[in-house]
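Visitor: below are the sequence and a predicted model; questions follow.
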Amino acid sequence: MWVVAEVPEVSLGQIRIGQPAEISFPAYPGETRQGRIDYIFPTLDPEARTARVRVTLPNPGGRLKIGMFANLNIGGTASGGLVVPAEAVISTGRRNVVIVQRSGGFIPVEVELGRTVGDRTEIRRGLNLNDVVVVSGQFLIDSEASLAGIVERLSRGQQPAAQQQRQENLIQGRGVVMSVDPNARRITLSHEPVTAINWPAMTMAFPVKDPSLLRGRRAGERVTFAFQRPQQGETPVIERIAPEAAR
């Protein structure tokens, strides 16, 4: 009886003919059978990015049936690499990331994956031996954009207390972009009343703390912005600006 398994392309370099394999069948829970890979198919599935390998098993009593599902764990000599629970790896389709606890906070670390065996994934590069990783699936990451949002929130979580307090004290406002002047590092906004400092609705030009804040901003765009409470007679400097979410 043949057991044919799909192997991810990234793990194909670790597969060899003669490698031991442990096979279990959902139809017979608690039972495992031992075998060895005796053939590696020469083609790769271009969509799933998987290759097929074959294990030949004896079938006394004919208990194994054609078309049965099987789980295959491929073993071999230990490579000495790090392994993490498979659920700790976040994949965006462009890169693989593990959230790691370092310096009292959490940071995303890009990693190079090796083999996945059962619920464990080998990490070839990116992690240190004593790193503590986030295991539970606490983040839904379906794109680079959503990963960027997680990175931003994690980064804010690592800021010193004084810096975090400064961010929390920012005055918030909403308005429409009238014009952008990157050379002067200024943006003109027609903003709604800012009740925190008793400002009425008005149109005024604001300097920005970082010229990168002006990147992508355009006239007519509705935005939210934030700045520190200004001193008497001072023009506030915008420290955060972003497109306003649809109401």
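Guide: Yep, it's here.

Visitor: residues near Arg124, how many?
Guide: The tally of other residues near Arg124 (other CB atoms under 10 Å) stands at 14. No exception for glycine: its C-beta is placed from N, CA and C like everyone else's.

Visitor: right, and the helix or strand after the helix or strand encompassing it?
Guide: Element membership of Arg124 [criterion: DSSP states H and E] is strand 120-125. In the C-terminal direction, the helix or strand that comes right after strand 120-125 (DSSP H and E) is strand 132-133.

Visitor: note down every partner strand of that following strand and its orientation.
Guide: strand 96-102 (antiparallel) (DSSP bridges).

Visitor: what about dumping the CA coordinates of the partner strand to PDB?
Guide: What follows is strand 96-102 as a C-alpha-only set of coordinates in PDB (Å, rounded to 0.1, in the frame of the first residue of the first chain):
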ATOM      1  CA  ASN A  96       7.300  35.000   8.100                       C
ATOM      2  CA  VAL A  97       7.400  36.700  11.500                       C
ATOM      3  CA  VAL A  98       7.500  35.600  15.200                       C
ATOM      4  CA  ILE A  99       6.600  38.000  18.000                       C
ATOM      5  CA  VAL A 100       9.400  38.000  20.600                       C
ATOM      6  CA  GLN A 101       9.600  39.400  24.100                       C
ATOM      7  CA  ARG A 102      12.800  41.500  24.400                       C
END
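
Visitor: angle of it against strand 120-125?
Guide: Using axes from the mean of the first three to the mean of the last three CA atoms, to 10 degrees, the direction of strand 96-102 lies 80 degrees away from that of strand 120-125.

Visitor: so what touches strand 96-102?
Guide: For strand 96-102, the external contacting residues (CB atoms under 8 Å, 6 or more residues apart in numbering) are 84, 88-91, 106-113, 123, 126-127, 131-134, 139, 141, 147, 150, 154.

Visitor: now do 6 Å
Guide: Contact with strand 96-102 is made by 88-90, 106-111, 113, 131-134, as judged by CB atoms under 6 Å, 6 or more residues apart in numbering.

Visitor: ok, back up a step: mean confidence for the strand holding Arg124?
Guide: For strand 120-125, mean pLDDT is 82.
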